[in-house]
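S.K.: next comes the sequence, and after it the predicted model I'd like to discuss.
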Amino acid sequence: GAVVSQHPSWVICKSGTSVKIECRSLDFQATTMFWYRQFPKQSLMLMATSNEGSKATYEQGVEKDKFLINHASLTLSTLTVTSAHPEDSSFYICSARTGAYGYTFGSGTRLTVV
Amino acid sequence: AQRVTQPEKLLSVFKGAPVELKCNYSYSGSPELFWYVQYSRQRLQLLLRHISRESIKGFTADLNKGETSFHLKKPFAQEEDSAMYYCALSPPNGGTSYGKLTFGQGTILTVHP
């Protein structure tokens, strides 16, 4: 079946630096990808919708200048957390629409900002 | 606003016992409802969706529009069913918001031997 490969699975960075998370669709074209964030012991919250070749659409309350999303090709979407701070520490998950009705999720990235 | 509520954070049953994971939703319209499962150290994966009306791994879920519920059921739980279960809602297919999933808080199911 359709697979989304997400990297890195785990990253630690210093406060003030930027971190890039990649999601690649394998064996299918992902015109739309979704980025979610999950705080410990909480549910997944949609951050933004990424469409190939156009600007991402951010959910209310999500800082688009802090969470930069690029979807330059049909198989790759990236999320860059800029000037990361400890409060950005979280679990980030991408998902891709695999057709008219399906979605598949990446394995997630655990970001820890120290 | 759309909302999904899973009232039970933890649910424990013994092997062979019936299990029901509750999910209630709030949405003005006809959404699509899903159940996702996450086994230990694995990625989130689709368990079932209401429009397919199929049974996966013995689990079924019926959409009750009157009660705005989409409870997940299995008549005889197995130890390998132990996992985190998320109920999720999407606006209907065909709209611009299709695919923007709203997740419930999740229920950790533990099936004891």
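M.R.: Yep, it's here. These numbers come from a predicted model, not from an experiment. Numbering: from 1, shown residues only, chains lettered A, B, ... in the order given.

S.K.: doesn't residue A:81 make contact with residue A:17?
M.R.: No: in this structure, residue A:17 is not within contact of residue A:81 by CB atoms under 8 Å, at 9.1 Å. To be clear about C-beta, it is placed using only N, CA and C from the backbone, and glycine gets the same treatment.

S.K.: higher neighbour count, the two?
M.R.: residue A:81 (23 against 11; other CB atoms under 10 Å in any protein chain shown).

S.K.: tell me what the more buried one is bridged to.
M.R.: Residue A:81 forms beta bridges with residue A:19, residue A:67, as assigned by DSSP bridges.

S.K.: what's the answer for residue A:4, then?
M.R.: residue A:25.

S.K.: other SSEs contacting the helix or strand bottoming out on mean pLDDT in chain A?
M.R.: Every helix and strand in chain A was compared by mean pLDDT, DSSP states H and E; the lowest is strand A:103-105, with a mean of 87. Applying 3 or more CB pairs under 8 Å, 6 or more residues apart in numbering or on different chains; DSSP states H and E, we find strand A:103-105 packed against strand A:3-7, strand A:90-97, strand B:45-49.

S.K.: so which of these is the most surrounded?
M.R.: strand A:90-97 (a mean of 23; mean count of other CB atoms under 10 Å in any protein chain shown).

S.K.: so what are the sheet partners of that one and their directions?
M.R.: Short version: by DSSP bridges, strand A:90-97 pairs with strand A:32-38 (antiparallel), strand A:103-105 (antiparallel), strand A:109-113 (antiparallel).

S.K.: need the contact partners of the least confident helix or strand of chain A.
M.R.: With contact meaning CB atoms under 8 Å, 6 or more residues apart in numbering or on different chains, strand A:103-105 is reached by A:1-4, A:34, A:93-98, B:36, B:43-46, B:99, B:101.

S.K.: from residue A:53, how far out is residue A:29?
M.R.: 12 Å (CB to CB, to the nearest Å).

S.K.: so for those two, which residue has more residues nearby?
M.R.: The neighbour count for residue A:29 versus residue A:53, taken as other CB under 10 Å, is higher for residue A:29 (12 against 9).

S.K.: what count of nearby residues applies to the closest residue to the more buried one other than its chain neighbours?
M.R.: Distances taken as CB to CB, 6 or more residues apart in numbering or on different chains put residue A:74 closest to residue A:29, at 4.0 Å, once the chain neighbours are dropped. Using other CB under 10 Å, residue A:74 has 13 neighbouring residues.
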